[in-house]
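*Asks:* Could you look at this predicted model? Sequence included:
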Amino acid sequence: MEVPPTLVEKARTARSITVLTGAGMSAESGLPTFRDAQTGLWARYDPMTLATPEAWREDPALVWAWYQKRGAMLQTAEPNAGHLALATWSKFQDIRIVTQNVDDLHERAGSTNVIHVHGSLLTPYCDSCHTPYPADVEEPTGERVPPPKCACGGLIRPGVVWFGEMLPEDAFARAIDAAQRCDLMIVVGTSGIVYPAAGLAQLAQSNGASVAEINPAETEASSQVDIRWRATAATALPALLAQVNP
Ligand code: BJW
Ligand code: ZN
């Protein structure tokens with residue numbers, strides 16, 4: 001596979017690389033993206049009905065079932081060749097992964113340098129007293145599954161960041177740091193429309209980094225990045241790694 005030579009050159013000489021990943025990173029592991037027409041979860045469900053605090057208040061059982069379903073899918077999913085390439089790469093170069101994904105496939109591939117800016121499917125907590133609750137995924141039997149109750153009477157909610165909610169302060173601070181310190185940012189599999197995560201690429205660029213996009217489709221960010229590579233995560237990242245460390 002043809003790897004953009006400028007990207008190989010940048011990657012070889014970079015002192016610090018930050019990889020910003022989105023749902024497309026896990027698409028080849030069988031997890032649907034949010035907005036892709038055919039497979040996106042939101043083709044069947046209205047995201048505004050599900051991924052918001054308002055939906056949680058109005059119909060927690062519907063929202064809980066949706067996340068249980070995604071948790072069940074995650075249990076049977078495996079990291080793909082792209083996740084594995086990043087884990088291998090980070091053994092010999094300074095690489096930080098900033099992910100918008102709520103799955104744990106980067107970690108399962110062996111990456112230890114992962115910053116989760118939109119939370120995780122594996123960290124439910126009480127929506128009232130915020131006490132963590134063990135992730136106990138059961139395949140939902142229907143569209144609605146009542147969420148467990150906390151000892152305080154509150155409801156256990158998914159440990160993810162919904163629209164209108166603040167990103168976890170510590171994680172986002174580390175993401176900003178990773179964007180500011182890198183000299184190459186590789187943006188993989190994100191549509192670039194959800195802020196503030198999407199702004200990290202502009203932040204890296206305004207701090208002098210080159211920004212490369214790996215995505216089979218045009219995105220909101222495409223016109224601004226320095227290198228556009230129309231390829232998928234699981235094909236491009238291993239090919240890039242092979243060129244950087246032949
Ligand atoms: C492949 C591939 C392959 C396919 N290989 N690629 C107006 C203007 C600006 C901002 C706002 C606004 N109104 C509201 C906002 C703020 C809002 C926002 O950004 N909204 C926009 C939609 C406009 N942001 C927020 O609310 C954030 N909080 C915040 O701003 O706090 C401050 C605040 C507080 C109060 C009021 C206002 C502001 C929080 C955002 C939280 C996002 N949460 C979600 C759900 C997480 C839980 C869950 O998983 O259910 O995060 S939404 C969803 O989008 C999820 C994702 O992480 C995120 C990004 O999606 P992603 O990863 O890019 O996926 P897709 O599907 O969009 O794209 C997939 C891509 O992969 C495509 O490009 C494909 O081509 C590609 N692909 N196969 C490589 N094999
Ligand atoms: Zn509680």
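*Replies:* Now that the structure is in, tell me what you want to look at. Residues are numbered from 1 along each chain as shown. Ligands and ions are numbered 1, 2, ... in the order given.
*Asks:* Pull the residues that contact the helix of greatest length in the chain.
*Replies:* If you go by DSSP state H, the chain has its longest helix at helix 60-76. Residues from elsewhere that reach helix 60-76 (Cβ atoms under 8 Å, 6 or more residues apart in numbering): 30-31, 41, 45, 49-50, 55-56, 102-105, 121-122, 135, 137-140, 142-147, 155, 157-158, 160. Glycine gets a C-beta too; all of them are placed from N, C-alpha and C.
*Asks:* please redo it, this time with the cut-off set to 6 Å
*Replies:* Contact partners of helix 60-76, identified using Cβ atoms under 6 Å, 6 or more residues apart in numbering, comprise 50, 55-56, 103, 121, 137, 139-140, 143-147, 155, 158.
*Asks:* Mind giving me the ChimeraX command for buried ones among those residues?
*Replies:* Command for ChimeraX, covering only those of the contacts of helix 60-76 found buried under the criterion 16 or more other Cβ atoms under 10 Å:
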select :50,55,56,103,121,137,140,145,147,155,158
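*Asks:* And the contacts of helix 60-76, which two are furthest apart?
*Replies:* Asp103 and Pro146 (24.1 Å; Cβ to Cβ).
*Asks:* How many residues are close by Ala72?
*Replies:* Each residue near Ala72 was counted by other Cβ atoms under 10 Å, and the total is 15.
*Asks:* same question, Glu58
*Replies:* When neighbours are counted by other Cβ under 10 Å, Glu58 registers 11.
*Asks:* any idea how far ligand 2 is from it?
*Replies:* Using Cβ to the ion, to the nearest Å, we find Glu58 at a distance of 20 Å from ligand 2.
*Asks:* cool, His116 as well?
*Replies:* His116 sits 22 Å away from ligand 2 when distances are taken as Cβ to the ion.
*Asks:* who does that residue bridge with?
*Replies:* Per DSSP bridges, the residues bridged to His116 are Thr99.
*Asks:* and if you look at the one 10 residues further on?
*Replies:* For Cys126, the beta-bridge partners are Ile156 (DSSP bridges).
*Asks:* Now for it: which residues touch it?
*Replies:* Per Cβ under 6 Å, 6+ apart, neighbours of Cys126: 150, 154, 156.
*Asks:* ok, and the most crowded of the residues you listed?
*Replies:* Ranking those using other Cβ under 10 Å puts Ile156 first, with 22 neighbours.
*Asks:* I figured that residue hits Lys149, correct?
*Replies:* No: with contact defined as Cβ atoms under 6 Å, Ile156 does not count as touching Lys149 (7.0 Å).
*Asks:* Around ligand 1, pick out the residues from this structure.
*Replies:* Applying Cβ under 6 Å from any ligand atom, one finds that the chain approaches ligand 1 through 22-24, 27-28, 33-36, 40, 51, 100, 102, 118, 160-166, 188-191, 193-196, 215-217, 219, 232-233.
*Asks:* Among the residues you listed, which ones are in helices?
*Replies:* Among the residues of the chain next to ligand 1, the residues falling in helices (DSSP H) are Ala233.
*Asks:* Now do the domain split for the chain, please.
*Replies:* For the chain, automatic domain parsing gives the domain ranges 1-30+79-120+167-246, 32-76+122-157.
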